[in-house]
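> here you go, sequence then predicted model.
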Amino acid sequence: MPRALLSVEEYLAEVLALVGPLPDVEEVGLRHASGRTLAEPVMARADVPAFANSAMDGFAVRAADLSAGVVLPLAGEVLAGSAEDPPLGAGECVRIMTGAPLPSDADTVVPVEQTTTVTNGVRIDEVVPAGRHVRGAGEDVRAGTVVLDAGTRLGARSLSAVAGAGRAVLKVVRRPRVGVIATGDELVPPGGSLARGQIYESNATYVAAALARDGAEPVVLPSVRDTTDALTSALDGLAHDCDLVIVSGGVSVGDADVTRIVLEGAGAQFRHVRMQPGKPQGWARWGEPRMPVIALPGNPLSAAVSYETFVSPVLDRLHDRPSPGWSVAVASSAWASPAGRRQLVPVLLDVDASGRQIVRPAHRRGSASHMITSLSGADALAAVGEDVTEVASGDLLAIRRLP
């Protein structure tokens with residue numbers, strides 16, 4: 001039966017339709033929240049900063065008392081973490097450290113390097129404007145305002161903001177459980193001995209690591225032999241325990257392509273997608289739970305690029321969060337691209353002297369489907385249009401950074 005020939009966008013729409021946002025929400029502490037997705041907005045518990053404080057080591061003063069060369073007697077000292085609020089009379093100053101609360105009577109901080117310590121106090125060598133080097137209470141965030149929106153994928157930067165806003169526990173989307181199956185009689189686990197015709201299995205390793213990166217819980221099975229019974233048993237074992245299953249290998253049109261044979265019996269849709277690498281693709285719903293299955297090609301680079309193009313957006317949908325966008329870069333070298341297919345090339349990213357993003361293929365073979373090493377050092381995927389057969393140096397390309 002001839003396969004439908006689809007664009008990348010058409011096939012992505014099909015696999016996205018397999019899933020919807022997970023309804024399950026759970027609470028986790030900050031230390032367990034990295035990689036998770038917020039299920040509801042996070043509000044600040046208090047003003048950030050909670051009090052006016054000094055942005056510099058120096059001297060808290062009244063701006064009205066400043067003039068070049070004036071000597072201000074020292075009325076006290078405030079350290080970071082101190083609850084002291086020393087009174088500040090007219091013409092006086094208080095030694096203050098970075099982060100320490102600003103005395104109520106002061107409105108400005110003069111950095112220590114703009115002063116000289118003298119016998120009877122501190123001489124102001126350089127006048128600063130009123131309010132300089134003071135962080136106002138609530139200057140960053142006011143109590144009760146939104147710090148992060150629902151759908152935010154949590155990482156080091158966002159979790160730091162949440163912690164600074166006083167939140168210790170967050171409501172996040174449950175991690176989807178995703179089964180991972182690599183098929184093929186030729187596959188040997190890394191570390192084993194290879195016989196003639198065998199290769200080390202790498203697809204399940206890539207997919208499992210990418211799933212964990214994308215906030216899922218991978219359930220990885222040992223490699224499955226190329227028999228219909230073995231694959232059927234593996235899928236049955238995952239059907240009631242997973243939200244999604246990813247299978248790699250056996251999706252083409254050969255007589256030994258077991259994934260296609262087994263899934264076609266479940267009403268699968270196998271497609272040819274106008275892309276390189278990764279032309280053969282397929283999806284199905286398995287068993288009574290109607291568990292979504294996405295079938296990827298077996299060649300390592302094809303499987304990895306297909307994951308980033310199709311599976312990663314499906315994980316974003318399960319988490320109800322936006323997918324990363326594409327930006328633009330300039331090709332710094334020339335290469336060939338197949339007619340009628342969108343070429344997705346692992347590229348190295350750099351910046352030229354004028355500040356432009358520039359890219360070049362991460363491997364001399366470009367996007368050859370078996371070249372998994374070309375992805376290992378890549379910074380991004382570059383997309384070459386279906387109507388382009390030759391990329392020239394200086395051409396603009398759409399790129400998506402790899403996480």
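Good, I have the coordinates. The shown structure was predicted, so the numbers you read here are calculated from the model rather than taken from an experiment.
> where along the stretch 151-300 of the chain do the helices fall?
Using DSSP state H, counting those that start in this stretch, the helices found in the stretch 151-300 of the chain span residues 156-164, 203-213, 228-239, 258-264, 300-306.
> JSON lines please, covering those helices and showing mean neighbour count, distance to residue 330 and mean pLDDT.
(Each C-beta comes from the backbone N, C-alpha and C, glycine too.) Shown next, in JSON lines, are the helices of the stretch 151-300 of the chain (neighbours: other Cβ atoms under 10 Å; distance: least, Cβ to Cβ, whole Å; pLDDT from 0 to 100):
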{"stretch": "helix 156-164", "mean neighbour count": "14", "distance to residue 330": "28", "mean pLDDT": "95"}
{"stretch": "helix 203-213", "mean neighbour count": "20", "distance to residue 330": "28", "mean pLDDT": "96"}
{"stretch": "helix 228-239", "mean neighbour count": "17", "distance to residue 330": "44", "mean pLDDT": "96"}
{"stretch": "helix 258-264", "mean neighbour count": "23", "distance to residue 330": "39", "mean pLDDT": "95"}
{"stretch": "helix 300-306", "mean neighbour count": "27", "distance to residue 330": "22", "mean pLDDT": "95"}
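> which residues touch residue 268?
Neighbour list for residue 268: 260, 282, 283, 284, 293, 295 [criterion: Cβ atoms under 8 Å, 6 or more residues apart in numbering].
> out of those, who's nearest residue 139?
Ranked by distance to residue 139 (Cβ to Cβ), the contacts of residue 268 are led by residue 283 at 50.2 Å.
> helices or strands next to the worst-scoring helix or strand of the chain on mean pLDDT in the packing?
Across the helices and strands of the chain, mean pLDDT, DSSP states H and E gives its lowest value to helix 373-376, namely a mean of 77. Packing partners of helix 373-376 (3 or more Cβ pairs under 8 Å, 6 or more residues apart in numbering; DSSP states H and E): helix 300-306.
> following element in sequence after the helix it packs on, please.
helix 312-319 (DSSP states H and E).
> on that earlier part again, centre of the chain to the least confident helix or strand of the chain, how far?
Its chain's C-alpha centre and that of helix 373-376 lie 19 Å apart, by Cα atoms, centre = their mean, to the nearest Å.
> would you mark the buried spots in that helix?
By 16 or more other Cβ atoms under 10 Å, the buried positions in helix 373-376 come out as 374, 375.
> with stretch 282-294 instead?
Neighbour-count burial for stretch 282-294 flags 282, 283, 284, 285, 286, 291, 292, 293, 294 (criterion: 16+ other Cβ under 10 Å).
> tell me the confidence at the second one?
Going back to what we said before, that points to residue 283. Residue 283 is assigned 97 on the pLDDT scale.
> leaving out chain neighbours, which residue sits closest to residue 49?
residue 135 (5.2 Å; Cβ to Cβ, 6 or more residues apart in numbering).
> need the contact list for that neighbour.
Residues counted as contacts of residue 135 (Cβ under 8 Å, 6+ apart) are 49, 52, 53, 54, 55.
> any chance of those in JSON lines with distance to residue 164 as columns?
Output for the contacts of residue 135, formatted as JSON lines (distance: Cβ to Cβ, whole Å):
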{"residue": "49", "distance to residue 164": "9"}
{"residue": "52", "distance to residue 164": "16"}
{"residue": "53", "distance to residue 164": "13"}
{"residue": "54", "distance to residue 164": "18"}
{"residue": "55", "distance to residue 164": "16"}
